[in-house]
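Enquirer: Give the three-dimensional model of this entry:
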Amino acid sequence: MAGVDWESLTEATSGAVGALVSSTVLYPLDTCKTRYQAEVRSHGQQKYRNLSDVLWEAISTRRVLSLYQGLGTKNLQSFISQFVYFYGYSYFRRLYLERSGAKSVGTKPNLVVAAAAGVCTVIITQPLDTASSRMQTSAFGKSKGLFKTLSEGSWSDAYDGLGVSLLLTSNPAIQYTVFDQLKRRLLKRRQSNKIAPATAKSSPEALSAFSAFVLGAISKSVATILTYPAIRCKVMIQASDSHDVSNKDGPSGPPKTIIDALLAIWRKEGIPGFFKGLQAQILKTVLSSALLLMIKEKISRYTWISMLALRRYLLVSQRRIKST
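Expert: Next comes the predicted model:
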């Protein structure tokens, strides 16, 4: 059991559980946001003038439950992606400290570490991310299951938007770098105001729920604003063919590359189009990220204790096996 990185496993488990809860709670908002972002205005006309129009469509057509279409796939993708990300981030961070001999990770190395973890996450979870977006942008009540959604095209279609997704690894990299730096400063200030107990190193330091929520909101807002044009292009590329995201004057169906998406936005909506749905994106992602980090910080100590108990149990079991 010596080869198991228990601290990274604790971080990964806490982050994955937080992602699962926040994704489920905010999923209807996520569906509305995704459908709103996927639409490109044509000749001054558009189906959704604002985010509430998506909600009203679901209510007026008695398809409110359709706001949850693709929830299972989204939860699976969120759980796996956050587990892989937090494990990778913690692992690469520890590896950097061991190799460099530094006591802490600076801003630039932290960005590299976060980006490396993000790349691993994207490559593993891209098909689930694509399927989730297609389910959310399908006509209400006509969403297909995960297997049917992915089997409609080739494996290359399942990786639609991979290039943009890799570009967007800068988003969590910026987010967690900002969060980590703010958290470190806050904890350092807190420790300077009181004497740390002798058992302080027995478990990871944790923020209060409110502090984690505020820092999570700030860090995610910064990351979202800086990367939003790419976020909207990604949604358009991954949207269902049945959704009205096409350029009426050109080929039907959603754009296949980031260049096609950028041109479609530029021709139909101009510069403001690159930031269409920004407020909805910030609202959803900030709430989701802040809730995720708040839950992660609150359960990290209990997860750490559970991991220590599991480690002790496995060691005892190992010794018993060897003794027999």
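Enquirer: elements contacting the strand or helix carrying residue 235?
Expert: Element membership of residue 235 [criterion: DSSP states H and E] is helix 209-238. Using 3 or more C-beta pairs under 8 Å, 6 or more residues apart in numbering; DSSP states H and E, the elements in contact with helix 209-238 are helix 27-38, helix 107-137, helix 162-167, helix 170-192, helix 258-269, helix 278-323. Heads up, the C-betas are built off the backbone N, CA and C, glycines and all.
Enquirer: now the ones you listed as a markdown table including mean neighbour count and distance to residue 101?
Expert: Converted to a markdown table, the helices and strands packed on helix 209-238 look like this (neighbours: other C-beta atoms under 10 Å; distance: least, C-beta to C-beta, whole Å):
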| stretch | mean neighbour count | distance to residue 101 |
| --- | --- | --- |
| helix 27-38 | 24 | 43 |
| helix 107-137 | 21 | 12 |
| helix 162-167 | 19 | 31 |
| helix 170-192 | 18 | 19 |
| helix 258-269 | 18 | 40 |
| helix 278-323 | 17 | 25 |
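Enquirer: Pull out the buried positions in the helix holding residue 235.
Expert: 211-224, 227-238 (16 or more other C-beta atoms under 10 Å).
Enquirer: Low-confidence bits of the stretch 101-250 of the chain, can you list those?
Expert: Scanning the stretch 101-250 of the chain for pLDDT under 70 picks out 194-206, 240-250.
Enquirer: before we move on, the earlier item: mind putting the helices and strands packed on helix 209-238 in a markdown table, distance to residue 60 included?
Expert: Output for the helices and strands packed on helix 209-238, formatted as a markdown table (distance: least, C-beta to C-beta, whole Å):
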| stretch | distance to residue 60 |
| --- | --- |
| helix 27-38 | 14 |
| helix 107-137 | 18 |
| helix 162-167 | 33 |
| helix 170-192 | 34 |
| helix 258-269 | 26 |
| helix 278-323 | 20 |
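Enquirer: so which of those gets nearest residue 146?
Expert: helix 107-137 (5.5 Å; C-beta to C-beta).
Enquirer: Could you name the helices and strands sitting against the closest one?
Expert: helix 27-38, helix 71-100, helix 146-151, helix 155-158, helix 162-167, helix 170-192, helix 209-238.
Enquirer: what comes into contact with the first one?
Expert: By C-beta atoms under 8 Å, 6 or more residues apart in numbering, the list of residues contacting helix 27-38 from outside reads 23, 48, 50-51, 53-55, 67-71, 74, 133, 136-137, 231-232, 235-236, 239, 243, 245, 254, 276-277, 280-281, 283-284, 287-288.
Enquirer: quick one on the thing from earlier: show me the one of the helices and strands packed on helix 209-238 that comes nearest residue 207.
Expert: Using C-beta to C-beta, the helices and strands packed on helix 209-238 put helix 278-323 closest to residue 207, at 4.9 Å.
Enquirer: Against which helices or strands is that closest one packed?
Expert: On a contact count with 3+ C-beta pairs under 8 Å, 6+ apart, helix 278-323 meets helix 6-25, helix 27-38, helix 209-238.
Enquirer: got CSV for the ones you listed, with distance to residue 100 too?
Expert: Below are these laid out as CSV (distance: least, C-beta to C-beta, whole Å):
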stretch, distance to residue 100
helix 6-25, 18
helix 27-38, 39
helix 209-238, 24
